[in-house]
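Colleague: quick check, what structure comes out for this input:
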Amino acid sequence: MQIPTAAVDGVPDPLPDGLVVLDVREDDEWDAGHVDGSVHIPLMELGERYAEFPAAQTLVVCRSGNRSAHATAYLVDQGFDAVNLAGGLAAWHRAGRPLVSDGDRPAQVL
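Modeller: This next block holds a predicted model:
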(Lines give C-alpha, C1' and ligand atoms only; values in the text may rest on other atoms or scores of the structure.)
Protein backbone atom coordinates (compact mmCIF):
# COMPACT_ATOMS: atom_id res chain seq x y z
CA MET A 1 0.00 0.00 0.00
CA GLN A 2 1.25 3.45 -0.89
CA ILE A 3 0.66 5.81 2.03
CA PRO A 4 -0.84 9.17 1.00
CA THR A 5 1.70 11.83 1.96
CA ALA A 6 1.88 15.63 1.82
CA ALA A 7 4.90 17.87 2.26
CA VAL A 8 4.54 20.91 4.51
CA ASP A 9 4.58 23.23 1.51
CA GLY A 10 1.62 21.27 0.10
CA VAL A 11 -0.53 21.94 3.18
CA PRO A 12 -2.56 25.17 2.90
CA ASP A 13 -1.78 27.99 5.33
CA PRO A 14 -4.08 28.71 7.05
CA LEU A 15 -5.47 25.21 7.36
CA PRO A 16 -8.82 24.83 5.60
CA ASP A 17 -12.05 24.44 7.54
CA GLY A 18 -13.00 20.81 7.82
CA LEU A 19 -9.43 19.49 7.87
CA VAL A 20 -8.74 17.45 11.00
CA VAL A 21 -5.13 17.38 12.19
CA LEU A 22 -4.52 14.18 14.14
CA ASP A 23 -1.41 14.13 16.34
CA VAL A 24 -0.34 10.58 17.25
CA ARG A 25 2.60 11.47 19.52
CA GLU A 26 2.90 10.75 23.24
CA ASP A 27 1.52 13.08 25.93
CA ASP A 28 4.84 14.81 26.74
CA GLU A 29 5.46 15.52 23.05
CA TRP A 30 1.93 16.93 22.68
CA ASP A 31 2.32 19.13 25.77
CA ALA A 32 5.57 20.61 24.42
CA GLY A 33 4.04 21.73 21.12
CA HIS A 34 1.25 20.87 18.69
CA VAL A 35 -0.83 22.35 15.89
CA ASP A 36 -3.53 24.56 17.36
CA GLY A 37 -6.91 22.83 17.17
CA SER A 38 -5.48 19.39 16.46
CA VAL A 39 -6.83 16.16 17.93
CA HIS A 40 -4.47 14.13 20.15
CA ILE A 41 -4.69 10.35 20.08
CA PRO A 42 -1.37 8.57 20.77
CA LEU A 43 -0.54 5.93 18.18
CA MET A 44 -0.85 3.04 20.65
CA GLU A 45 -4.45 4.12 21.40
CA LEU A 46 -5.54 4.76 17.82
CA GLY A 47 -7.12 1.34 17.22
CA GLU A 48 -9.54 1.79 20.09
CA ARG A 49 -10.11 5.56 19.74
CA TYR A 50 -10.14 6.48 16.02
CA ALA A 51 -13.93 6.73 16.03
CA GLU A 52 -13.63 9.78 18.33
CA PHE A 53 -12.93 12.14 15.46
CA PRO A 54 -15.05 12.89 12.41
CA ALA A 55 -14.60 11.04 9.13
CA ALA A 56 -13.26 14.19 7.51
CA GLN A 57 -10.10 14.80 5.56
CA THR A 58 -7.35 14.09 8.10
CA LEU A 59 -3.72 15.23 8.20
CA VAL A 60 -1.83 12.83 10.47
CA VAL A 61 1.28 14.12 12.26
CA CYS A 62 4.02 12.96 14.60
CA ARG A 63 7.57 14.21 15.19
CA SER A 64 9.23 12.87 12.04
CA GLY A 65 6.50 11.26 9.94
CA ASN A 66 7.22 7.63 10.85
CA ARG A 67 4.52 6.96 13.46
CA SER A 68 2.04 9.05 11.51
CA ALA A 69 2.73 6.95 8.40
CA HIS A 70 1.62 3.84 10.31
CA ALA A 71 -1.44 5.70 11.62
CA THR A 72 -2.30 6.96 8.14
CA ALA A 73 -2.12 3.46 6.67
CA TYR A 74 -4.42 2.19 9.42
CA LEU A 75 -6.92 5.02 8.94
CA VAL A 76 -6.98 4.56 5.16
CA ASP A 77 -7.72 0.86 5.76
CA GLN A 78 -10.66 1.98 7.95
CA GLY A 79 -12.02 4.13 5.12
CA PHE A 80 -10.71 7.54 6.21
CA ASP A 81 -9.40 10.20 3.83
CA ALA A 82 -6.06 10.46 5.66
CA VAL A 83 -2.72 11.91 4.60
CA ASN A 84 0.64 11.65 6.38
CA LEU A 85 2.69 14.82 6.94
CA ALA A 86 6.13 14.12 5.44
CA GLY A 87 8.88 15.08 7.87
CA GLY A 88 6.33 15.46 10.66
CA LEU A 89 6.12 18.40 13.02
CA ALA A 90 9.89 18.83 12.86
CA ALA A 91 9.48 19.83 9.19
CA TRP A 92 6.38 21.87 10.09
CA HIS A 93 8.31 23.85 12.70
CA ARG A 94 11.36 24.33 10.42
CA ALA A 95 9.00 25.78 7.79
CA GLY A 96 7.88 28.43 10.31
CA ARG A 97 4.40 27.00 10.72
CA PRO A 98 2.87 27.77 14.14
CA LEU A 99 2.68 25.49 17.15
CA VAL A 100 1.10 25.99 20.56
CA SER A 101 2.05 24.39 23.88
CA ASP A 102 0.20 23.32 27.00
CA GLY A 103 1.99 25.51 29.50
CA ASP A 104 4.00 28.68 29.80
CA ARG A 105 7.03 27.59 27.76
CA PRO A 106 7.42 28.38 24.07
CA ALA A 107 6.17 25.58 21.82
CA GLN A 108 8.76 23.12 20.60
CA VAL A 109 8.91 19.72 18.91
CA LEU A 110 10.18 16.86 21.08
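Colleague: in this protein, where's the longest helix?
Modeller: Ranked by residue count and defined by DSSP state H, the top helix of the chain is helix 66-77.
Colleague: for that helix, could you pull out the residues that count as buried?
Modeller: 67, 68, 69, 70, 71, 72, 73, 74, 75, 76 (16 or more other Cβ atoms under 10 Å). From N, CA and C alone the C-beta is placed, and that goes for glycine too.
Colleague: distance of the nearest residue to residue 34 once chain neighbours are set aside relative to residue 103?
Modeller: Nearest residue to residue 34, sequence neighbours excluded (Cβ to Cβ, 6 or more residues apart in numbering): residue 23, at 5.3 Å. From residue 23 over to residue 103 the distance is 16 Å, taken as Cβ to Cβ, to the nearest Å.
Colleague: these two: who's more crowded?
Modeller: residue 23 (27 against 10; other Cβ atoms under 10 Å).
Colleague: who does that one form a beta bridge with?
Modeller: Counting by DSSP bridges, residue 23 is bridged to residue 40, residue 61.
Colleague: pull the contacting residues for it.
Modeller: The contact partners of residue 23, taken as Cβ atoms under 8 Å, 6 or more residues apart in numbering, are 30, 34, 35, 38, 39, 40, 41, 61, 62, 89.
Colleague: burial count for the last one?
Modeller: Residues within reach of residue 89, counting by other Cβ under 10 Å, total 30.
Colleague: which residues sit in contact with it?
Modeller: 23, 25, 33, 34, 35, 61, 62, 63, 99, 109.
Colleague: could I get the contacts of residue 23 in TSV, plus columns for pLDDT?
Modeller: What follows is those, written out as TSV (pLDDT from 0 to 100):
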residue	pLDDT
30	96
34	97
35	98
38	95
39	94
40	96
41	96
61	98
62	98
89	98
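Colleague: which residues in the chain form helices?
Modeller: Going by DSSP H, the chain shows helices at 27-32, 46-49, 66-77, 88-94.
Colleague: let me know which of these is the nearest to residue 13.
Modeller: Nearest to residue 13 among the helices of the chain is helix 88-94 (10.3 Å), distances taken as Cβ to Cβ.
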